[in-house]
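Student: next input, structure requested:
(chains A, B, C and D)
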2 protein chains.
Amino acid sequence: MSIQTRRERERAERERLIVTAARELAETEGWDAVTTRRLAAEIEYSQPVLYSHFKGKDAIMAAVALEGFAELAAQLRAARADASGVRAGLAAVGEVYTAFARRRPALYDAMFTHTVALPFATTEAPAVLWECFDELSAAVAPVAAPGDEPGILTETYWAGLHGLVTLMRSGRLPEEAHERRLKLLIGHFAAGAD
Amino acid sequence: MSIQTRRERERAERERLIVTAARELAETEGWDAVTTRRLAAEIEYSQPVLYSHFKGKDAIMAAVALEGFAELAAQLRAARADASGVRAGLAAVGEVYTAFARRRPALYDAMFTHTVALPFATTEAPAVLWECFDELSAAVAPVAAPGDEPGILTETYWAGLHGLVTLMRSGRLPEEAHERRLKLLIGHFAAGAD
DNA sequence: TCATGTTGTCTAGCATCGCTAGGAACATGA
DNA sequence: TCATGTTCCTAGCGATGCTAGACAACATGA
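Tutor: Model (predicted):
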């Protein structure tokens, strides 16, 4: 039994090694540089080892994405805790969200643009994913008008943030005016609050 | 001279053949199905012919994207012409924009998510691209508050629309509630108009 | 201690991708 | 009719994600 557990522990450690190596490589050189050969070399094992842990490259990206969701959820929570007032809370999560996307573009891509393997918006979605959404929701719900559905409103605000960062990241919106755009978005969603 | 012009005409025709074949293939089977080999077979020429017209696959996607911009601009213009009132105009372009993205997902991807080869948000951006933005801008500018910059506000509204369609397309937002989300977005940007 | 069977890992290779070099085939003009 | 110049295709390069099958290491029984 002890041998078995040791092996399982070593396997788990190697799995983490794979995920962190993939993440570091993606963050420093972009996801294009994360090839299975390169990743295998990085962890000092051969390619097939990757496939004994993950179904494929997409699954590795999904694992990296999960790390990202956990971190984003924590940052959103902290931002909301520091903010006093409805409008301040809405602004805080918006700023933290877009700052996260700009600081960790590769991570953000894995979470919100690239992978499709993860279930979203269903009860089967991973917990960390719901934590992120719930944090957003906690900041957005207070600005809902009487007839508004809070969940739908949260999705809409999220879409606004997502649109800002993805269009900026692909060079379609100039970086320089980001703060002003974000301020306008927040302003239009917080109208009448506080 | 006549022979020369005939050749140039034939070349231009073949270039259009490439672009339309790429577009049809992308729209029916997705961009993953648009390989250079497949595309060459479709136009009944060999692969290298593609490279005598375009620098690479990205350039072909960019050419397809330009078609999309022209069509989107026309649809936005028509929608705005039919709408009476500031709020109706804002709603009309929002509906047409998202409907376009949902009806032609491959085209939308080429225009707004995939390619980076096209210059955006600079004076060198192609004319059809500016036409799209100007149509949006014409609908958005009237709802700007006294201190708002119309261009920045347009970008923000555009980002909202873009976020809605991309998150929906990747399965991160359920299709079913799209109309309600769009309505909320429009409502928050049109607050106080009309 | 040694044969055995399982477990784990690696080497080698498949199909496919975007892209390109170099030569064959063709139309053109003398 | 024959050289010339253009156009196009065959063949192949270096990658990619992924996998089959050989091989080595190891725990386990006698």
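Student: only C-alpha atoms for contact and neighbour calcs from this point on.
Tutor: Will do.
Student: after the lowest-mean-pLDDT helix or strand in chain A, which helix or strand is next?
Tutor: Ranking every helix and strand in chain A by mean pLDDT, DSSP states H and E puts helix A:2-29 at the bottom, with a mean of 88. In the C-terminal direction, the helix or strand that comes right after helix A:2-29 (DSSP states H and E) is helix A:36-43.
Student: can I get the helix or strand following that next one in CSV? Just the C-alpha atoms.
Tutor: Next in sequence after helix A:36-43, counting helices and strands by DSSP H and E, comes helix A:47-53. The C-alpha atoms that make up helix A:47-53 are tabulated as CSV, following Å, rounded to 0.1, in the frame of the first residue of the first chain:
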residue,chain,number,x,y,z
GLN,A,47,6.4,13.1,-25.1
PRO,A,48,4.2,10.1,-24.4
VAL,A,49,4.4,10.8,-20.7
LEU,A,50,2.3,13.9,-21.2
TYR,A,51,-0.4,11.7,-22.7
SER,A,52,-0.4,9.4,-19.7
HIS,A,53,-1.4,12.4,-17.6
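Student: quick revisit: list the buried residues in the least confident helix or strand of chain A.
Tutor: A:14-15, A:18-27 (16 or more other C-alpha atoms under 10 Å in any protein chain shown).
Student: ok, now stretch A:45-65?
Tutor: Applying 16+ other C-alpha under 10 Å to stretch A:45-65 flags A:47, A:50, A:54, A:57-65 as buried.
Student: looking at these, point me to the pair that's furthest apart.
Tutor: In the buried residues of stretch A:45-65, two members sit farther apart than any others by C-alpha to C-alpha. They are A:Q47 and A:A65, at 21.2 Å.
Student: just curious, which of the buried residues of helix A:2-29 is nearest to DNA strand C?
Tutor: Nearest to DNA strand C among these, counting by C-alpha to the nearest atom of the strand, is A:R14 at 8.5 Å.
Student: how about the residues of chain A near DNA strand D?
Tutor: For chain A, the contact set with DNA strand D under C-alpha under 7 Å from any atom of the strand comprises A:1, A:3, A:33-38, A:47-48, A:51, A:55-58.
Student: what's the burial count for A:L153?
Tutor: Neighbourhood size, A:L153 [other C-alpha atoms under 10 Å in any protein chain shown]: 24.
Student: element containing it, please.
Tutor: Per DSSP H and E: A:L153 is located in helix A:150-169.
Student: check whether the helix or strand that that helix is followed by contacts chain B.
Tutor: Using DSSP H and E, the helix or strand that directly follows helix A:150-169 along the chain is helix A:178-189. Yes - using C-alpha under 8 Å from any C-alpha of the partner chain, helix A:178-189 comes into contact with chain B via A:180-182, A:184-185, A:188-189.
Student: now, of those, which are buried?
Tutor: A:181-182, A:184-185, A:188-189.
Student: let me have the residues you listed in a markdown table, extended by distance to B:T115.
Tutor: Shown next, in a markdown table, are these (distance: C-alpha to C-alpha, whole Å):
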| residue | distance to B:T115 |
| --- | --- |
| A:R181 | 23 |
| A:L182 | 25 |
| A:L184 | 28 |
| A:L185 | 26 |
| A:H188 | 31 |
| A:F189 | 31 |
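Student: would you turn those into CSV with distance to B:R169 and pLDDT?
Tutor: What follows is these, written out as CSV (distance: C-alpha to C-alpha, whole Å; pLDDT from 0 to 100):
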residue, distance to B:R169, pLDDT
A:R181, 24, 98
A:L182, 23, 98
A:L184, 25, 97
A:L185, 22, 98
A:H188, 25, 96
A:F189, 24, 96
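Student: of all the residues you listed, which comes closest to B:L129?
Tutor: Among those, A:R181 lies closest to B:L129 (C-alpha to C-alpha), at 20.2 Å.
Student: quick one on the thing from earlier: so which of the buried residues of stretch A:45-65 would count as near DNA strand C as well?
Tutor: Among these, proximity to DNA strand C is found for A:Q47 (C-alpha under 7 Å from any atom of the strand).
Student: mind checking what secondary structure A:A145 has?
Tutor: coil (DSSP: H, G, I helix; E, B strand; the rest coil).
Student: give me the distance between it and B:V49.
Tutor: Distance, A:A145 to B:V49, by C-alpha to C-alpha, to the nearest Å: 59 Å.
Student: touching, A:I152 and B:E179? I think so.
Tutor: No - counting by C-alpha atoms under 8 Å, A:I152 stays clear of B:E179, with 10.2 Å between them.
Student: A:R172 is in contact with B:A121, isn't it?
Tutor: Yes - at 6.1 Å, A:R172 counts as touching B:A121 under the criterion of C-alpha under 8 Å.
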